[in-house]
Structures are given as structure tokens and as C-alpha cells.
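Asker: Predicted structure and sequence below. I'll ask about it afterward.
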Amino acid sequence: MSLKTNKYRFFSQVVSWVSLTILVVFAGLYLSGAAKLENVKAVFWVVTIVWFISAGLWMWRNNSNSSNG
Amino acid sequence: MVGEGRENKKRRTDEFERQPVPTSALLGFKSFIGMYAGEHCAGTELMIGPLFVAAGVSAFDAVVGLIVGNALAVLSWMFLCAPIATRSRLTLYYQLEKVCGKKLVTIYNCANGVMFCFLAGAMITVSATALGVWFNFQMPGLNDLYPNSVGWVLAVLVVGSLIAIVAAYGYQTVAKFAGVAAPWMLVVFLAFGLIGLRNFINATGAEIKSAGDLWHLAETHIWKGGHPQPGQVKFTFWHVTFFAWFCNMAMHIGMSDLSVLRFARKSWYSVASAAGMYLGHFMAWLCASILYAHQLYLNPQDIDVLPGPLAYKAAGITGLLCVIIAGWTTANPTIYRSGLAFQAIMPKKSRFAVTLFAGGVATAAGMFPAIAMKLLGFVALYGMLLMPMGAVIFVDFWLIKKLGMKNNFAEFSNKSFNWAAGLTWFVTLAICWWLVQKAGVQIFFVSLPGWFIAAVLYLFLSYFYQRYVFKN
């Protein structure tokens, strides 16, 4: 059970950090002129949804543990 | 499981307002990084950055001024606030009560709670500008003082009510929410800057092949210097430095963050404030100012500072969401602090109730755009107002015993009003007011001499007041 939880946690951590990396990369692509702003905005929106779902899964729990002392 | 839940619930409603934080409740370094990064990467950054541009700041003054000013702010947290917080582990209000007495603290708490409410109101104002993009109601301009549409009032009411309810559930809930949102917000703020930069390159036709080219673009088009917008004060290097240093003066030099840093295991955890300063008060301010400078470049007549539309143009719905959440995560701890201030006045009322009350006041304040539009001056005023009591705590904690006097004098003498502290506060504010009004010292600078005046006054007045009390 614990192993399974750890796997989910690791998976959600990877997904959340990858999503933020994608956000920065696409902003960088726009800066370099390699992407259109409309496409970048669409990617941002998807990344935002992914971040709040995946990060919520592990960060909320993490913060609960630390608040328990 | 049930027992653990009850314990958590109890701890959420009993956050050691009138006792030192026990070892078991201390928090780790990461909690403070998340808290400071979230709190200082806020919706108001989307006001302050543009207001710098409106104040006619130049590229060198903006960049170097922020580096220096933020460093001074971090040092103030580390060497003035945190050492006391981690030794006494008391809230600001309880610490003040011991030094100043209950009646003086009541006055201080009223002032502090109201100022926190106004500040949170500005944050709610910022969040509400995002709703204006969705619902297309009339929004306030740069020089508006009063609410100018029903839609605006309703938007502030909705945003403010939600923020107040979350804040009422306490610091841990707030920290959790801010912790999840903070990394995403920081990245979105960075994206604002990168997108704004590209928009500038497209608009000006500049070719950027080196750092020198980028700096040239910054100097000639983004932070051009020159005259400020009508009604704005001209900002120089010193203005930027002192603004960055003192914009959170109430929290570091003014000691408000005693209430937060009392949870830190070690004093040096206060270095976590650098996360807030250099991500929020450097990167975010500069990125936000790029968006506004681009707006001015396209239409010099369009001087309104509206974070919602600015963010929407740059990043679409994600930008709007960022404005709302950024305002939310900053307003939350501010309303929480305000709740602590009011609870110190009414200790029998639950923190939940007083925080809801504070949230209500903040929401009402947020309906008036004057605070957000004059944020630079308001923040300086707010720091100045609370700074003298920071000096009183500092002197009382470190110096007064060494000079043969009693510290925590109100508690020692069972006085409800320590006249030495009270006169220090009022006389310092009077001198600062005189310096601003009559001697031509701008409000952005006056708090520095003000702190030293307060420190010396408190020592001087304590000497005579304690002698008087002992004689009688």
C-alpha cells in the first residue's frame, strides 16, 4: 500500500515539475520567435490544469504532514 | 484517525496566540520558503512594477536599486526580526503587550489591523481586475479614488468574501494553498516577462544578439527614465532602493513577522525571505513593468494600471488566473495577520470570527481603487506608521536591560499603558510627519531617520518614566 502510494506520489511530482518546465520552455520559444502567442497561451492553460491537479496531489498532503509537526 | 483529525482541528484554532510556540509546533525551512515566495510573488507586484514605469524610472535605477534594496530587506529580517522571534516565540501583539501594556497595544492593534486590512484590500482590488476581463464591467483608472461601477463592486465582494473565508481557517490552511500555487505563479510571472520582451522586440524591430542589445532595449524602450506620468512621483535609484527595502518595513523592521518567524526552528530560516524578495520583488516587478511599458509603447495615452487586462494580453486565461490567485495568496496571510491584531484586542472572540471581520473590512477597502492606484505611497506610509514600535521592541529586547532599566516594563510594573513606548510612537510619527510636510523629506525615505529617532526616544523616555514609576 505504502509502495503504491509512493509510486503515485513520485509520478505526480514528475508530472507537475514537467508541466512547469513546459510552461517556461514555451515562453522561451515565444521569446525566440519559434512559437505563436495563441499556441503558447493554449499550452499555458493546459499546463495550469495539469499543475494544479498533479501538484495538489502531493503538495497538499506534504503540507499537511509538515503542519502536523 | 479521528483523534489525529481532532488534534489538527484544535491546532488550527489554537495557534499559540498568548504563549510561546512549543518545540513540537516549529516549522522547517521549506515552509518559510514557500510562505515568503508565495506571499511576495503577489497580485500587487502587477501594480508595483507598472507604477515604477509610471514613475519614470530608468533601467539602471530599476535593476540595481532593486538588487540593493531587496538585500537590505533580507538583512533586516535576518538581523532585526528573526533573532527576537526565535528567542521569545511570541506573537508581535503579545510581545508588545508585555512591553507597552494592554491599552497601548489596543491602539497599536487597531492601527495595525486597519492598515493590514487596507493592504489586503489592495490585493483584492488587483484580483478583481481579472474578473473585469471576463465580465467586461467598467474598471477603475489610474487616478480614480472611488468605485465606478456596480460590476466592480460585485467583483470585489465575491473575491474578498472567498479570500476572507479561506483566511479564517488559519495559517496552516493558507500556507498549504500558497505552497501549491507558488511555484506555478513564479513561472507565470517569468512567462509574463519573456512574452513582454518578445512583444517589445516585435513592436520596436530591435535585434537582440547579445546582453548589450538587451540592455539597450531596456534603457531606450522599457525603463526609459525621464518624466513620470501626471500625478506620479519621479523615481530615482534611491527611491527604488528605499522602496524595495521599506515596502515590507512593517514586517521586518516593524516586527510584524515575529508572529510568523516564531514558528522557525532557527533564526537563519529568515533568509527564506530572499525567495520572496528576489523572485517577487525583483523578477516579478521587472516582468510586470515590461507588460505596462509595452502598453504605453503601443498607446502612450493608455496609462491605466489594470493587472487583469495586462496579464490576459500576455498569457490569456492563465494570466487572469495568476492575477486572481496571486492576489489571493497574498491577501490571505495579510488578513490572517489582521485577524491576529484584532484578536489581541478581543481575546475572547475566536480567531475565526475576527479574521472574517478583518476580511470584511478588507473587502470594503478593496472596493476603493485609491489604495491600489496609490500603492507606492500607501506602502511607504504603512511602514512608517508601524516602524516606531519595531524600534521599541528592538531596544527593549536588546538594550534596555544592559542600560540598567527593566525590559517588558508594562508586565513588570503591571501598567496598562507604558507612556515611554506610547510617547515614542506618537512623537516619532509627529517628527516624521513634520519632516515630510515641512522639511521636504519624501515619505519613501523618512522611515530611516524615524527608526533611529524612535530608538533614542524610547531609551531616553524609559529612563525618566521608569524612575517616575519606581518613585511613586
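Answerer: Okay, I see it. Residues are numbered from 1 along each chain as shown, chains lettered A, B, ... in the order given.
Asker: list the contacts for the residue nearest in space to the middle of chain A?
Answerer: The residue lying closest to the centre of chain A (Cα atoms, centre = their mean) is residue A:16, at 2.3 Å. Residue A:16 makes contact with A:50-51, A:54-55, A:58-59, according to Cβ atoms under 8 Å, 6 or more residues apart in numbering or on different chains. From N, CA and C alone the C-beta is placed, and that goes for glycine too.
Asker: From those residues, which land in helices?
Answerer: A:50-51, A:54-55, A:58-59 (DSSP state H).
Asker: Can you sort out which of those residues also neighbour chain B?
Answerer: Restricting those to those touching chain B (Cβ under 8 Å from any Cβ of the partner chain) yields A:51, A:55, A:59.
Asker: rewinding a little: any idea which of the contacts of residue A:16 is closest to residue B:213?
Answerer: Within the contacts of residue A:16, proximity to residue B:213 (Cβ to Cβ) peaks at residue A:51, which comes in at 33.2 Å.
Asker: That closest one: neighbouring residues, count only.
Answerer: 26 (other Cβ atoms under 10 Å in any protein chain shown).
Asker: In this structure it contacts residue B:184, no?
Answerer: Yes: counting by Cβ atoms under 8 Å, residue A:51 touches residue B:184, with 4.9 Å between them.
Asker: Could you give the number of residues near the residue of chain B found nearest chain A?
Answerer: Proximity of chain B to chain A (Cβ to the nearest Cβ) peaks at residue B:316, 3.4 Å away. Residues within reach of residue B:316, counting by other Cβ under 10 Å, total 19.
Asker: mind checking which helix or strand it is in?
Answerer: Taking DSSP states H and E as the definition, one finds residue B:316 inside helix B:307-345.
Asker: pLDDT below threshold where in the stretch 1-150 of chain B?
Answerer: Low-confidence segments of the stretch 1-150 of chain B, defined by pLDDT under 70, are located at B:1-15.
Asker: The residue nearest to the centre of chain A should be in a strand, yeah?
Answerer: No: counting by DSSP: H, G, I helix; E, B strand; the rest coil, residue A:16 falls outside a strand, being helix.
Asker: helix, strand or coil for residue B:52?
Answerer: Judged by three-state DSSP, the three-state class of residue B:52 is helix.
Asker: Just read off the phi/psi values of residue B:224.
Answerer: When quoted as degrees, to the nearest 10, the phi and psi of residue B:224 stand at phi -80, psi -20.
Asker: pretty sure it contacts residue B:55?
Answerer: No: Residue B:224 lies out of contact with residue B:55 (Cβ under 8 Å); the separation is 11.7 Å.
Asker: so where's the stretch 201-350 of chain B shaky on pLDDT?
Answerer: Scanning the stretch 201-350 of chain B for pLDDT under 70 picks out nothing.
Asker: near chain A, which residues of it show up?
Answerer: Counting by Cβ under 8 Å from any Cβ, the stretch 201-350 of chain B sits next to chain A at B:315-319, B:321.
Asker: By neighbours, which of those residues wins?
Answerer: Within these, most neighbours by other Cβ under 10 Å means residue B:319, with 30 neighbours.
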